[in-house]
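# Here is the input, now give the coordinates:
(2 chains)
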Amino acid sequence: GDSVTQMEGPVTLSEEAFLTINCTYTATGYPSLFWYVQYPGEGLQLLLKATKADDKGSNKGFEATYRKETTSFHLEKGSVQVSDSAVYFCALSAPQYSGGGADGLTFGKGTHLIIQP
Amino acid sequence: DTAVSQTPKYLVTQMGNDKSIKCEQNLGHDTMYWYKQDSKKFLKIMFSYNNKELIINETVPNRFSPKSPDKAHLNLHINSLELGDSAVYFCASSQGARGQFFGPGTRLTVL
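Residues are numbered from 1 along each chain as shown, chains lettered A, B, ... in the order given. Take a look at the predicted model:
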């Protein structure tokens, strides 16, 4: 079945450091790929997405590029802030029914990011 | 303007009880979902509803039953609660391939 593997944390960085969180996936067909962020005590927020190969998703300084050849969707940010401290989830959505349109997300286990001042 | 809302936010109950969690979305989306997040933060889909039809039913116990009175609501009923049901339950909704939007979660604790 489909699966998502992401680096496990916690990942601890200093403010203004460069961030990379690795994510690779296994899926049949051509999935859509997502990054979600979960701040303490809150629900998941969609951070960015990409729906086809070579697409780059970006939001709030974060970027990720859909690499079909390496089945990867690594999250990057050039200069992190303390406010970026959260748990980050990589996820994929692949059609499970011929009718399409109702795709559950398959999540990675999440990466806890801690940014120190 | 809350997009996806859930009630209650916290639910503490005894083993064997029956409980419900409510979810409402005001985004006009066609599909709604329930996810379970365990103590290690791992998220797994439980159900989805598209136009009031159950589309995905993962291998969850039949003590869990989703009920959708209309397109904007998807409630989760749990019968005969067990200790292992303790988790955070998230409702979500989506329209097409735009990504899913999640509610704030309901933390269920079974004593």
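# A:K56 is in contact with A:F73, isn't it?
No - here A:K56 does not reach A:F73: they are 10.2 Å apart, not a contact under CB atoms under 8 Å. Bear in mind the C-beta positions are built from the backbone N, C-alpha and C, glycine included.
# can you list residues touching both of the two?
Overlap of the contact sets of A:K56 and A:F73 (by CB atoms under 8 Å, 6 or more residues apart in numbering or on different chains) consists of A:50, A:64-66.
# Run a quick check on A:K60 versus A:L47, I expect a contact.
Yes - at 7.2 Å, A:K60 and A:L47 qualify as touching, with contact defined as CB under 8 Å.
# Compare A:K56 and A:F73 (neighbour count), which wins?
A:F73 (30 against 10; other CB atoms under 10 Å in any protein chain shown).
# which parts of chain B sit against chain A?
Those residues of chain B that sit near chain A, judged by CB under 8 Å from any CB of the partner chain, are B:4, B:30-31, B:33, B:35, B:40-45, B:48-50, B:55-56, B:58, B:90, B:92, B:94, B:96-105.
# now with 7 Å?
B:31, B:33, B:41-43, B:45, B:48, B:50, B:55-56, B:90, B:97, B:99-105 (CB under 7 Å from any CB of the partner chain).
# burial measure for residue 37, as a count.
This is for chain A. For A:V37, using other CB under 10 Å, the count is 21.
# please go with chain B instead
B:Q37: 21 neighbours (other CB under 10 Å).
# B:L43 is in contact with that one, correct?
Yes - between B:Q37 and B:L43 there is a contact at 4.9 Å, judged by CB atoms under 7 Å.
# Now do the lowest-mean-pLDDT helix or strand in chain B: which elements does it pack against?
Lowest by mean pLDDT, DSSP states H and E among the helices and strands of chain B is strand B:53-57, with a mean of 74. The contact analysis (3 or more CB pairs under 7 Å, 6 or more residues apart in numbering or on different chains; DSSP states H and E) places strand B:53-57 against strand B:43-50.
# Output the strand it packs on as CSV, restricted to C-alpha atoms.
Extracted in CSV, the C-alpha atoms of strand B:43-50 (Å, rounded to 0.1, in the frame of the first residue of the first chain):
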residue,chain,number,x,y,z
LEU,B,43,-2.4,10.0,12.0
LYS,B,44,-4.6,7.4,10.3
ILE,B,45,-7.7,7.9,8.3
MET,B,46,-10.8,6.2,9.6
PHE,B,47,-13.7,7.2,7.3
SER,B,48,-14.6,9.6,4.6
TYR,B,49,-18.0,10.6,3.3
ASN,B,50,-18.7,12.0,-0.2
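# Now do that strand against strand B:53-57, angle only.
Calculated by axes from the mean of the first three to the mean of the last three CA atoms, to 10 degrees, strand B:43-50 forms an angle of 160 degrees with strand B:53-57.
# Give me the residues contacting strand B:43-50.
A:89, A:101-102, A:104-105, A:107, B:30-37, B:54-58, B:60, B:64, B:66, B:68, B:74 (CB atoms under 7 Å, 6 or more residues apart in numbering or on different chains).
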